[in-house]
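Chemist: Below are the sequence and a predicted model for it; my questions follow.
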Amino acid sequence: MKIALIGYGKMGQAIEKIALDRGHEIVSIIDVSRDDSFDDDSFKSADVAIEFTRPEAAYSNYLKCFEANIPVVSGTTGWLDQLPEIEERCKNGEQTFFYASNFSLGVNIFFELNKQLARIMNKMSEYNVSMEEVHHTQKLDAPSGTAITLAEGIIENMDAKSNWKLYKEENSSDIAIKAIREGEVPGIHTIKYESPVDEIIIHHSAKSRHGFALGAVLAAEFAAQNKGFLSMNDLLNF
Ligand SMILES: NC(=O)c1ccc[n+]([C@@H]2O[C@H](COP(=O)([O-])OP(=O)(O)OC[C@H]3O[C@@H](n4cnc5c(N)ncnc54)[C@H](O)[C@@H]3O)[C@@H](O)[C@H]2O)c1
Ligand SMILES: O=C(O)C1=N[C@H](C(=O)O)CCC1
């Protein structure tokens, strides 16, 4: 499969290694520091584009892929206000777009566990839920896209919760998300239910970026074969 990489930072480089190991060809690498462009025939020859850049760059990159009718795998977080417009462009299989806030298999298992735990905790009014995420200091967005997906999973399943907010003070009805930036941490997410007598904690910690990158390549293989607005649920059949 011919892959265009958009964004050649920490994730773009990790994805390149895995894609080559799986027998794919990288036909174009578009990054501010490189010469390849969306106008090149090499970009236009791609079967799929994988985009990991930064929040303010993502949406216009997706439109450029759509102009060339190239399916997109989107990993960038922090731009989701524009997701409905992208979804609209995918109606009737017109364009193909695969987004995940987190491509790792382990995190997607954790998403399901989080929803199941929220269903159980829905009737347990003595427990307060909160969340903490820890990432490396270069991360631009807070809370992480993964933390927002986790909060949405709780909100879908707990009647008492309808919003999340970045943690500032205790005693709010919103799900408080504490975002910590330190060192080179690839990504840690912790959900805590606390009552006056005990705590229930679920926790996912990435050991490296390998899981995110492998998931993105698997998503690219899927997006090259399937049309429309795709997600990890389509790929994993959860
Ligand atoms: N969905 C996931 O599983 C997942 C996993 C890890 C990171 N991410 C997200 O992916 C994004 C990138 O993460 P990273 O760690 O690789 O960041 P990074 O800073 O290491 O790399 C980003 C790269 O994008 C390039 N870039 C900036 N503007 C660009 C533009 N307009 N066009 C092309 N390239 C451009 C930068 O030069 C840089 O090389 C972030 O939003 C992060 O939150 C998502
Ligand atoms: O390193 C990052 O940046 C990450 N971003 C995603 C998020 O915002 O959830 C996934 C984890 C790593």
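Modeler: Cool, the structure landed. Ligands and ions are numbered 1, 2, ... in the order given.
Chemist: At which residues are the strands of the chain located?
Modeler: Applying DSSP state E to the chain gives strands spanning 2-6, 25-30, 48-51, 72-74, 97-99, 128-135, 164-166, 175-181, 188-194, 199-205, 229-230.
Chemist: Pairing partners for the shortest one, with directions?
Modeler: In the sheet containing strand 229-230, its partner strands are strand 97-99 (parallel), by DSSP bridges.
Chemist: With respect to burial, which of the strands of the chain scores highest?
Modeler: When the strands of the chain are scored by mean count of other CB atoms under 10 Å, the highest mean neighbour count falls to strand 72-74 (a mean of 28). Backbone N, C-alpha and C define where each C-beta goes, glycine included.
Chemist: who touches the lengthiest helix in the chain?
Modeler: Counting residues, the longest helix found in the chain (DSSP state H) is helix 105-121. For helix 105-121, contacts defined as CB atoms under 8 Å, 6 or more residues apart in numbering pick out 100, 102, 127, 129, 146, 149-150, 153-154, 156-158, 187, 189, 191, 193, 200, 202, 204, 206, 211, 214-215, 232, 236, 238.
Chemist: sorry, back to before: and the strands of the chain as JSON lines, adding distance to Ala118 and mean pLDDT?
Modeler: Rendered in JSON lines, the data for the strands of the chain read as follows (distance: least, CB to CB, whole Å; pLDDT from 0 to 100):
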{"stretch": "strand 2-6", "distance to Ala118": "35", "mean pLDDT": "98"}
{"stretch": "strand 25-30", "distance to Ala118": "39", "mean pLDDT": "98"}
{"stretch": "strand 48-51", "distance to Ala118": "31", "mean pLDDT": "98"}
{"stretch": "strand 72-74", "distance to Ala118": "26", "mean pLDDT": "98"}
{"stretch": "strand 97-99", "distance to Ala118": "22", "mean pLDDT": "98"}
{"stretch": "strand 128-135", "distance to Ala118": "8", "mean pLDDT": "97"}
{"stretch": "strand 164-166", "distance to Ala118": "12", "mean pLDDT": "92"}
{"stretch": "strand 175-181", "distance to Ala118": "10", "mean pLDDT": "96"}
{"stretch": "strand 188-194", "distance to Ala118": "9", "mean pLDDT": "98"}
{"stretch": "strand 199-205", "distance to Ala118": "10", "mean pLDDT": "98"}
{"stretch": "strand 229-230", "distance to Ala118": "25", "mean pLDDT": "97"}
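Chemist: Rebuild those as a markdown table, extending it with distance to ligand 2.
Modeler: What follows is those, written out as a markdown table (distance: least, CB to the nearest ligand atom, whole Å):
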| stretch | distance to ligand 2 |
| --- | --- |
| strand 2-6 | 16 |
| strand 25-30 | 19 |
| strand 48-51 | 13 |
| strand 72-74 | 12 |
| strand 97-99 | 12 |
| strand 128-135 | 5 |
| strand 164-166 | 14 |
| strand 175-181 | 10 |
| strand 188-194 | 8 |
| strand 199-205 | 10 |
| strand 229-230 | 18 |
